[in-house]
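>>> sequence and computational prediction follow.
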Amino acid sequence: MILRFAAFVVLVYALGFIGFAVTLPQPLTHMRTDAVIVPTGASGRIPRGLEVLRDGDAERMLVSGVDPEVKPGEFAAQFDVTDREMECCVTLGFLAVDTRSNAGEAAQWMRDNDVETVRLVTTDWHMRRAASEMRGALPEGVTILEDAVPSDPDFRQLFLEYNKLLLATVSQGFSL
């Protein structure tokens, strides 16, 4: 009986991982939101967020989890952000250190800026957990659109992220 149950758990886990790995979220086409949130991390995230901003699909952008050592001028130079864009539209968040604190930092910024619709830009393999954490931190009624940056993750990266997603899901279940 215990052996069958253990085999069932392993099978469910393996099928869940396969489903996770082969159905990574996709980029979003042009859809307007109040803001775009970009957690720092893998390459392609910040350029995609800036593209959304420059295309007029969002009015402002929060880059969450920026290293406190990074100065706004350095950020602007690295990503070719104009002074006008930095002044009006780009906020650098220095408080977050992980996905959960990205969600908290973003939620506070959204409350402070009366944001009701947001586009979350992160890497495809990271999207499910980032969106889940974000939904858990935001007040009801806020709409999150998922805009995944395509990547080419290896098995190890997918395996680690799948397990982090499972842990985050269990952790959120206990905090309800």
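That came through, no problem.
>>> can you list the residue ranges for helices in the protein?
All helices of the chain, identified by DSSP state H, fall at 2-22, 45-54, 72-79, 83-88, 99-112, 127-137, 155-175.
>>> and the ones you listed: which comes nearest Val36?
Of all the helices of the chain, it is helix 45-54 that lies closest to Val36, at 4.7 Å by C-beta to C-beta. Glycine gets a C-beta too; all of them are placed from N, C-alpha and C.
>>> where does the chain dip in pLDDT?
173-176 (pLDDT under 70).
>>> from Val149, how far out is the residue nearest to Phe79 when sequence neighbours are not counted?
Leaving aside its chain neighbours, Phe79 sits nearest to Ile46 (5.6 Å; criterion: C-beta to C-beta, 6 or more residues apart in numbering). Per C-beta to C-beta, to the nearest Å, Ile46 is found 10 Å from Val149.
>>> one more: Asn163?
21 Å.
>>> same question, Met134
Taken as C-beta to C-beta, the span from Met134 to Val149 is 16 Å.
>>> who's more crowded, these two?
Taking neighbours as other C-beta atoms under 10 Å, Met134 and Val149 compare with Met134 leading, 26 against 23.
>>> count of neighbours near the residue lying closest to Phe20 once chain neighbours are set aside?
Spatial nearest neighbour of Phe20, excluding adjacent residues (C-beta to C-beta, 6+ apart): Tyr162 at 4.9 Å. Neighbour count for Tyr162, taken as other C-beta under 10 Å: 20.
>>> now Cys89
Neighbours around Cys89, by other C-beta under 10 Å: 18.
>>> skipping its backbone neighbours, what lies nearest it in space?
In space, and not counting its chain neighbours, Cys89 is closest to Arg60: 4.8 Å by C-beta to C-beta, 6+ apart.
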